[in-house]
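[1] Need a 3D model of the following:
(chains A and B)
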Amino acid sequence: MINWGNFLLVALASIGFTVVVVSLFSLAMRLLTNARHALPAARKGKISAVRSEALNRVTSYLLFLICAFALVYGIYLIVPYFHI
Amino acid sequence: MDPILVVALVVSLALFFDFTNGFHDTANAMATPIATGALKPKVAVAIATTMNLVGAFLSTAVAKTISVDLINEGVNLGAEMVFAGLTGAIIWNLTTWFLGLPSSSSHALFGGLIGAAMAYAGVAAVNFPKVFEKVLIPALLAPLIAGIAAWLATRLAYLITARSQQQRKKTGIGTGRSNFKVGQVFSSSLVALSHGTNDAQKTMGVITLVLVTSGFQSNGDHVQLWVILSAALAIAIGTYSGGWRIIKTMGSGLAEIKPPQGFASETATGVTILASSNLGFALSTTQVASGAVMGAGLGRKGGQVRWSKAGQIVTGWFLTLPAAALVGAISAYITLLGPWGLLADAIITVAIIITIFQMSRRNRIGHHNVLSEVEGASEVIASPRQVRAAASKAEKAAKSVKKSEKKGKGRK
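    Below you'll find the predicted structure:
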């Protein structure tokens, strides 16, 4: 018999994980371009622009880091040596 | 015939199947990064090769547990039968490659073995409910899951990175969407690695099975080193030779893919495969990857999927098992004629393989023309600098043509 329970689990996990990872990566990308938008004003020494640039950039790097963790988790799942 | 000769024949055929498996499946991981220009074709194929080679050495867990549970217990999978099954799998794999259709190599292998089992032991040898459960239903569900995941992810990726035309004009800063190419390098490599840990194993499993049934190995609880080495090498060589026909289909024939879509589709493929192999609902990599490309194709505004091509591909999936079974059965009947039958079968198979390769040379698809089509598709997303570079390149080329024409006239 087809195990519909497992199927549902796989479907939800696949869709959920994909959406989360791609969204985080996209958000990181958006924040990075936000930082680029703020850069010219920040160079001129506008305090709020400096802050916005730094905040966007740092958050973006953090999000990229989370994506990197997702990648590492993927490798962990692939390599049986790590979890047997 | 000397049993060692039979085993040698089966092992070489199994390794050749491994080779076709490699170049058939390069597209699963590398079609989309090649299509968006995230990776140059040769670099992409080199990464896939490395990942497959590394993956083959990572574990032999799959090889040890290879069970052809589509065939009822009690049917002896002898060397001749495996031989016949492999011919079916190889011929179907090469046919679909020639047609540029991504199809599951494991289904071809199972199909070939089922056909051979039917020829040897009758229809009762096949466990049809299992075929339904493990082959037909997943073939419908795999592209559906991956497609929905990739579609949603693409929609979100575009939504999140969207910027108004005005804003872009004012600042001269784009959406940064071409940076998704960086992500693509990682997502596609992950797919290639997971492929490597699975697919070379199938060949190792088949070879070990034959070694055990013909008494060259006492039991199947370990895989011999030479088997691991040769299977890893065969799939790596296969991957490196590219399978450009299928890359073309998946990269540009099915849907036009841009970097965010490529990233979404590769992530969906990788995640779905990992989820399916870890949560106990096995899905075919090829079917997952094709579904993800379609989903990503539909996810972008104005994006289109070429449904006629998609229809061909899905038809191919449902034909894979019966077609490989048919060839496997015919091949099994020939081997039943005795030692000469086996030899004749081997010669016929080699002849068919050579014919398909010869036919494919008439309209060759290689890394060069895969790229040229891709360049056409990616024009829309090229930066102004790239456009200028391309224009000056074209101008130079035109000049050099004129020069050579003048030279030619002078000589006349």
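
[2] Okay, strands next: where are they in chain B?
    Counting by DSSP state E, chain B has no strands to list.

[3] in it, what secondary structure element scores lowest on mean pLDDT?
    Here the helix or strand of chain B ranked lowest by mean pLDDT, DSSP states H and E is helix B:367-378, holding a mean of 52.

[4] Residues of the stretch 101-250 of chain B that sit close to chain A?
    Counting by Cβ under 8 Å from any Cβ of the partner chain, the residues of the stretch 101-250 of chain B close to chain A are B:133, B:137, B:141, B:145-146, B:148-150, B:152-154, B:156-157, B:160-161, B:163, B:171, B:173-177, B:179-180, B:183, B:186, B:190, B:193-194, B:197. C-beta: built from backbone N, CA, C; applies to glycine.

[5] quick one: low-confidence ranges for chain A?
    Chain A contains residues with pLDDT under 70 at A:1, A:84.

[6] Chain B contacts on that one?
    A:1-3, A:6-7, A:9-11, A:13-15, A:17-19, A:21-23, A:25-27, A:29-30, A:32-33, A:36-37, A:67, A:71, A:74-75, A:77-81, A:84.

[7] Sort out for me which of the residues you listed are in helices.
    A:6-7, A:9-11, A:13-15, A:17-19, A:21-23, A:25-27, A:29-30, A:32-33, A:36-37, A:67, A:71, A:74-75, A:77-78 (DSSP state H).

[8] give me every residue that touches residue A:37.
    B:171, B:173 (Cβ atoms under 8 Å, 6 or more residues apart in numbering or on different chains).

[9] Check residue B:217 too.
    B:208, B:211, B:224.

[10] quick one: the second one from chain A, how far?
    The reference is to residue B:211. According to Cβ to the nearest Cβ, to the nearest Å, residue B:211 stands 23 Å off from chain A.

[11] If we ignore the residues flanking it in sequence, what's nearest that residue?
    residue B:217 (4.1 Å; Cβ to Cβ, 6 or more residues apart in numbering or on different chains).

[12] Check what pLDDT that neighbour gets.
    Residue B:217 carries a pLDDT value of 80.

[13] Would you mind giving both backbone torsions of it?
    phi -140, psi 140 (degrees, to the nearest 10).

[14] Run through the stretch 51-200 of chain B and note the low-pLDDT ranges.
    B:60-70, B:73-76.

[15] ranges for the helices of it?
    B:61-64, B:79-98, B:105-121, B:128-131, B:137-161, B:165-171, B:180-213 (DSSP state H, counting those that start in this stretch).

[16] which parts of the fourth one are buried?
    The neighbour-count check on helix B:128-131 (16 or more other Cβ atoms under 10 Å in any protein chain shown) flags residue B:131 as buried.

[17] likewise the longest one?
    For helix B:180-213, burial by neighbour count (16+ other Cβ under 10 Å) applies to B:180-181, B:183-211, B:213.

[18] now do the fifth one
    Residues B:138-139, B:141-143, B:145-158, B:160-161 are the ones in helix B:137-161 that count as buried (16+ other Cβ under 10 Å).

[19] Any idea how far it is from the middle of the chain?
    20 Å (Cα atoms, centre = their mean, to the nearest Å).

[20] Now do that helix: which elements does it pack against?
    helix A:4-43, helix B:259-278, helix B:285-299, helix B:307-335 (3 or more Cβ pairs under 8 Å, 6 or more residues apart in numbering or on different chains; DSSP states H and E).

[21] Between helix B:105-121 and the third one, find me the angle.
    The one in question is helix B:285-299. Angle, helix B:285-299 to helix B:105-121, by axes from the mean of the first three to the mean of the last three Cα atoms, to 10 degrees: 140 degrees.

[22] how about helix B:285-299 against chain A, any contact?
    No - Helix B:285-299 does not reach chain A (Cβ under 8 Å from any Cβ); its nearest approach is 8.7 Å.

[23] any idea how far residue A:59 is from the residue positioned nearest the centre of chain A?
    For chain A, residue A:24 is the residue whose C-alpha lies nearest the centre (Cα atoms, centre = their mean; 3.2 Å). Distance of residue A:24 to residue A:59, given as Cβ to Cβ, to the nearest Å: 11 Å.

[24] and what of residue B:268?
    For residue B:268, the distance to residue A:59 - Cβ to Cβ - is 25 Å.
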